[in-house]
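Peer 1: I would like the atomic coordinates for the input below:
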Amino acid sequence: MRTDTPWSTLPAREHLLAAAVGAPVLDVVIPVYNEEKDLETCVLRLHDHLARTFPYGFRITVADNASTDRTPEVAARLAALIPEVRSCRLEEKGRGRALRTVWSHSDSPVLAYMDVDLSTDLNALLPLVAPLISGHSDLAIGSRLARSSRVVRGSKREFISRAYNLILRSSLAARFSDAQCGFKAIRREVAQRLLPMVEDTGWFFDTEMLVLAERAGLRIHEVPVDWVDDPDSTVHIVRTATDDLKGVWRVGRALATGALPLDRLARPFGDDPRDRAVPGVPRGLARQLVGFCVVGALSTLVYLVLYSLFRLGVGPQFANAAALLVSAVANTAANRRLTFGVRGRGGAVRHQAQGLVVFAIGLALTSGSLAALGTASGSASHGTELAVLIAANLAATVLRFLLFRAWVFPDRRTDHQDARQGAAHELRNAR
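Peer 2: Now for the predicted structure:
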């Protein structure tokens, strides 16, 4: 997995026209391989549509993937005849490689691509890129699976597409509806950070890009499209499906181990007054509380199930200690990744050790509650024990969150930012 991206996070999104863009606002890439018959018709039709309907400057880039026919000649001729068209030749095949190459070198603030067959209705192009131009979204995709989309294709391709998206939802927790539609757009500053993390150079490129963007918290806008299947498509379905499944496994493993620095794609909140910092309230507190509550609810269920199982063979104190230990390790790992956004293996052992200290405090609270119950009532029922443990765990949970936030997973970014700002202030004063 590539991780050579800049360390700083992304800036807040801005309306592109307010930034006085000098280059064409939109760069539409058409990746092609041996498309000498259809390329000219496609480019002329797309250019005519953009010239009539697109209100900003645009460019069309033909990315030739090592074609062996007359495709490079057709692309060069179109680039010579039409000012808004340019061609790019790559000596290696791969749609992902072509998009990465062109997008990485483009000076346009909005980057898009579409398939040469123009299966997607071009009327969806402006709705696709408008949220990126306005600063509302980071990426945009056309969706053939939206309720209002109109799609004409065979049952075999329909089944494969829906099965693939089901796999993404179940294995990678993807929430976008259509990963494979050849109709997508991205803001350039996002592409500059995101593309170095995307490893695939073929058909899985789209999916990997979207999964990483979604996991990083970037906003993905979906546009329902009208789409007509190309019966002459040269895509090898079996080989592509196999490569996609390998990609799903690779990306899932990287996300599970925290191997990707997705925090470099983080966006600050927008200009909504409700998103601004409130004096006395730490930033990110609401999000961390929600994540902590979700993790806490799940770990509490695990704890109660384990306690009930251990209680079948041992006494309440040992059952409580064993169940709390197992659930505490899982709770610390989940909060580390999901609640406080700590990725990678660095500091994992230290965090678990600190989590065990917090666990010991929780153990003291719950064990003390059980001891007090035994002293007060002698032999209490199993239901009473569970009720007392739930109440004790609620008190321990509040203390656990405070210790996690202030001690185990402190927000070091703020400290680093304050240090950098202080150093810059001292430098200005020295001058």
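Peer 1: Listing request: residues of the stretch 201-350 of the chain with sub-threshold pLDDT.
Peer 2: 231-238, 268-287, 343-344 (pLDDT under 70).
Peer 1: where exactly do the helices run in it?
Peer 2: Applying DSSP state H, counting those that start in this stretch to the stretch 201-350 of the chain gives helices spanning 205-215, 237-257, 285-311, 316-334, 348-377.
Peer 1: now the angle between helix 348-377 and the third one, please.
Peer 2: Between helix 285-311 and helix 348-377, the angle formed by their directions is 60 degrees, by axes from the mean of the first three to the mean of the last three C-alpha atoms, to 10 degrees.
Peer 1: Below-threshold pLDDT in the stretch 1-150 of the chain: ranges please.
Peer 2: Low-confidence segments of the stretch 1-150 of the chain (pLDDT under 70): 1-9, 17-21.
Peer 1: Can you lay out the helices of the stretch 201-350 of the chain as CSV showing distance to residue 92 and mean neighbour count?
Peer 2: For the C-beta atoms, the positions are set from N, CA and C on the backbone; glycine is no exception. Shown next, in CSV, are these (distance: least, C-beta to C-beta, whole Å; neighbours: other C-beta atoms under 10 Å):
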stretch, distance to residue 92, mean neighbour count
helix 205-215, 14, 23
helix 237-257, 16, 15
helix 285-311, 42, 16
helix 316-334, 40, 19
helix 348-377, 38, 15
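Peer 1: Please tabulate those in JSON lines, including the columns distance to residue 85.
Peer 2: Output for the helices of the stretch 201-350 of the chain, formatted as JSON lines (distance: least, C-beta to C-beta, whole Å):
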{"stretch": "helix 205-215", "distance to residue 85": "23"}
{"stretch": "helix 237-257", "distance to residue 85": "29"}
{"stretch": "helix 285-311", "distance to residue 85": "45"}
{"stretch": "helix 316-334", "distance to residue 85": "51"}
{"stretch": "helix 348-377", "distance to residue 85": "51"}
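Peer 1: Show the contacting residues for the closest residue to residue 316 other than its chain neighbours.
Peer 2: Nearest non-adjacent residue to residue 316, counting by C-beta to C-beta, 6 or more residues apart in numbering: residue 370, 5.5 Å away. Applying C-beta atoms under 8 Å, 6 or more residues apart in numbering to residue 370 gives the contacts 316, 317, 320, 385, 388, 389.
Peer 1: cool, and residue 102?
Peer 2: Contacts of residue 102 by C-beta under 8 Å, 6+ apart are 27, 29, 61, 63, 88, 111.
Peer 1: And what about the second one, helix, strand or coil?
Peer 2: So the one you mean is residue 29. strand (DSSP: H, G, I helix; E, B strand; the rest coil).
Peer 1: That one pairs with what?
Peer 2: residue 61, residue 113 (DSSP bridges).
Peer 1: Run a quick check on residue 247 versus residue 207, I expect a contact.
Peer 2: Yes. Counting by C-beta atoms under 8 Å, residue 247 touches residue 207, with 6.6 Å between them.
Peer 1: quick one: common contacting residues for the two?
Peer 2: In contact with both residue 247 and residue 207: residue 200, using C-beta under 8 Å, 6+ apart.
Peer 1: sorry, back to before: just curious, which of the contacts of residue 102 is nearest to residue 192?
Peer 2: Nearest to residue 192 out of those is residue 111 (C-beta to C-beta; 10.1 Å).
Peer 1: excluding its backbone neighbours, what's nearest residue 247?
Peer 2: Leaving aside its chain neighbours, residue 247 sits nearest to residue 204 (3.7 Å; criterion: C-beta to C-beta, 6+ apart).
Peer 1: And that neighbour, how far from residue 180?
Peer 2: 9 Å (C-beta to C-beta, to the nearest Å).
Peer 1: and the residue nearest to residue 134 when sequence neighbours are not counted, backbone torsions?
Peer 2: Counting by C-beta to C-beta, 6+ apart, the nearest residue to residue 134 once its immediate chain neighbours are dropped is residue 15, at 5.7 Å. Note on residue 15: backbone dihedrals following degrees, to the nearest 10 are phi -60, psi 130.
Peer 1: going forward, begin numbering at 598 instead of 1
Peer 2: All set: I'll call the first residue 598, so the last point we hit is now residue 612.
Peer 1: just checking, residue 639 is part of a helix?
Peer 2: Yes. Using three-state DSSP, the secondary structure at residue 639 is a helix.
Peer 1: so who does the closest residue to it other than its chain neighbours touch?
Peer 2: The shortest distance from residue 639 to any non-neighbouring residue, by C-beta to C-beta, 6+ apart, is to residue 713 (5.0 Å). Applying C-beta under 8 Å, 6+ apart, we find residue 713 in contact with 627, 628, 629, 632, 635, 636, 639.
Peer 1: What about the third one, how many residues nearby?
Peer 2: Residues contacting residue 629 under the criterion other C-beta atoms under 10 Å number 25.
Peer 1: Secondary structure element holding the nearest residue to it once chain neighbours are set aside?
Peer 2: Leaving aside its chain neighbours, residue 629 sits nearest to residue 713 (5.1 Å; criterion: C-beta to C-beta, 6+ apart). Secondary structure from DSSP states H and E places residue 713 outside every helix and strand.
Peer 1: So what does residue 713 look like in phi/psi?
Peer 2: phi -70, psi -20.
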